[in-house]
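Novice: Sequence first, predicted model second:
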Amino acid sequence: GIQVEQSPPDLILQEGANSTLRCNFSDSVNNLQWFHQNPWGQLINLFYIPSGTKQNGRLSATTVATERYSLLYISSSQTTDSGVYFCAVGDGQFYFGTGTSLTVIP
Amino acid sequence: GAVVSQHPSWVICKSGTSVKIECRSLDFQATTMFWYRQFPKQSLMLMATSNEGSKATYEQGVEKDKFLINHASLTLSTLTVTSAHPEDSSFYICSASGGALIEQYFGPGTRLTVT
């Protein structure tokens, strides 16, 4: 299957700081999504972004499909942003990345 | 829109028994559903892909006779863990896509504990 690596694995931020999360994948894909997994395990869709750039409030994402990576930007972080962020890629079925565990401290 | 539910949210069963987990798409027709499992502090691992009315496609290393998947309608897929053992204890998550929805939408997950 496709290999998906995320960096950094862990990130601690002061509230108000900005961050960039990276997702590298090993093969060309047609689908890519970013998710936030809350403490109860629910996966929240953040972006469907197989290519290009999208923004939603304090979050934005960019995927450069030709270079097989995607970036998730979080600006002005809040404590509620804490949790694990996953990217998932594939054609049809999804393969999940290793995740970035984000902790935002007040 | 695009809501996926799972039932039960958590279940405890004794070793050797079978457990059924339901995954429902509430407001769209899910032509494809996926089942994942997640161990603590780890990523999600795809177990199988099911298309409505067809046999599920299992990922390598997943025992199809142990994890029975049925996708009998466009809104319901079930995962049955047969003869459960403690090592099957995990967080099981389903997702669905279909119709005009290209993205996958995830259920809230089912936490299975086998004693």
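Specialist: In hand now; what should we look at?

Novice: make it CA atoms for all contacts and neighbour counts henceforth
Specialist: Fine.

Novice: Tell me which other helices or strands the host helix or strand of B:Ala48 touches.
Specialist: Using DSSP states H and E, B:Ala48 sits within strand B:44-51. Helices and strands touching strand B:44-51, by 3 or more Cα pairs under 8 Å, 6 or more residues apart in numbering or on different chains; DSSP states H and E, are strand A:93-96, strand B:32-38, strand B:57-58, strand B:67-73.

Novice: Sheet partners, orientation included, of that strand?
Specialist: In the sheet containing strand B:44-51, its partner strands are strand B:32-38 (antiparallel), strand B:57-58 (antiparallel), by DSSP bridges.

Novice: To B:Thr75, which of those lies closest?
Specialist: Taking Cα to Cα, strand B:32-38 is the member of the strands paired with strand B:44-51 nearest to B:Thr75, at 9.3 Å.

Novice: Tell me who's in contact with the closest residue in space to A:His36 that isn't next to it in sequence.
Specialist: Leaving aside its sequence neighbours, A:His36 sits nearest to A:Tyr85 (Cα to Cα, 6 or more residues apart in numbering or on different chains; 4.6 Å). By Cα atoms under 8 Å, 6 or more residues apart in numbering or on different chains, the residues touching A:Tyr85 are A:34-37, A:99-102.

Novice: Where among the helices and strands packed on strand B:44-51 is average confidence lowest?
Specialist: Ranked by mean pLDDT, the helices and strands packed on strand B:44-51 end with strand A:93-96 in last place, scoring a mean of 88.

Novice: Run me through the strand neighbours of the lengthiest strand in chain A, direction for each.
Specialist: In chain A, ranked by residue count with DSSP state E as the criterion, the top strand is strand A:83-91. Paired neighbours of strand A:83-91 in the sheet (DSSP bridges): strand A:31-37 (antiparallel), strand A:93-96 (antiparallel), strand A:100-105 (antiparallel).

Novice: what would the ones you listed look like in TSV with mean neighbour count?
Specialist: Output for the strands paired with strand A:83-91, formatted as TSV (neighbours: other Cα atoms under 10 Å in any protein chain shown):
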stretch	mean neighbour count
strand A:31-37	22
strand A:93-96	22
strand A:100-105	19
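
Novice: Which residue is the nearest non-sequential neighbour of the one residue in chain B that gets nearest to chain A?
Specialist: Nearest to chain A, among the residues of chain B, is B:Pro108, at 4.7 Å (Cα to the nearest Cα). Excluding the flanking residues, the one nearest B:Pro108 by Cα to Cα, 6+ apart is A:Gln42, at 4.7 Å.

Novice: Could I get the phi/psi values of residue 16?
Specialist: I'll assume chain A. phi 100, psi -10 (degrees, to the nearest 10).

Novice: was after chain B, sorry
Specialist: phi 100, psi -10.

Novice: Now for the closest residue to it other than its chain neighbours: which residues touch it?
Specialist: Nearest in space to B:Gly16, with sequence neighbours left out and distances taken as Cα to Cα, 6+ apart, is B:Ser83 at 4.2 Å. For B:Ser83, the contact set (Cα under 8 Å, 6+ apart) comprises B:15-18, B:66.

Novice: From B:Cys13, how far out is B:Ser83?
Specialist: Here B:Ser83 is placed at a distance of 10 Å from B:Cys13 (Cα to Cα, to the nearest Å).

Novice: got TSV for the helices and strands packed on strand B:44-51, with distance to B:Ala2 too?
Specialist: Below are these laid out as TSV (distance: least, Cα to Cα, whole Å):
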stretch	distance to B:Ala2
strand A:93-96	18
strand B:32-38	13
strand B:57-58	24
strand B:67-73	17
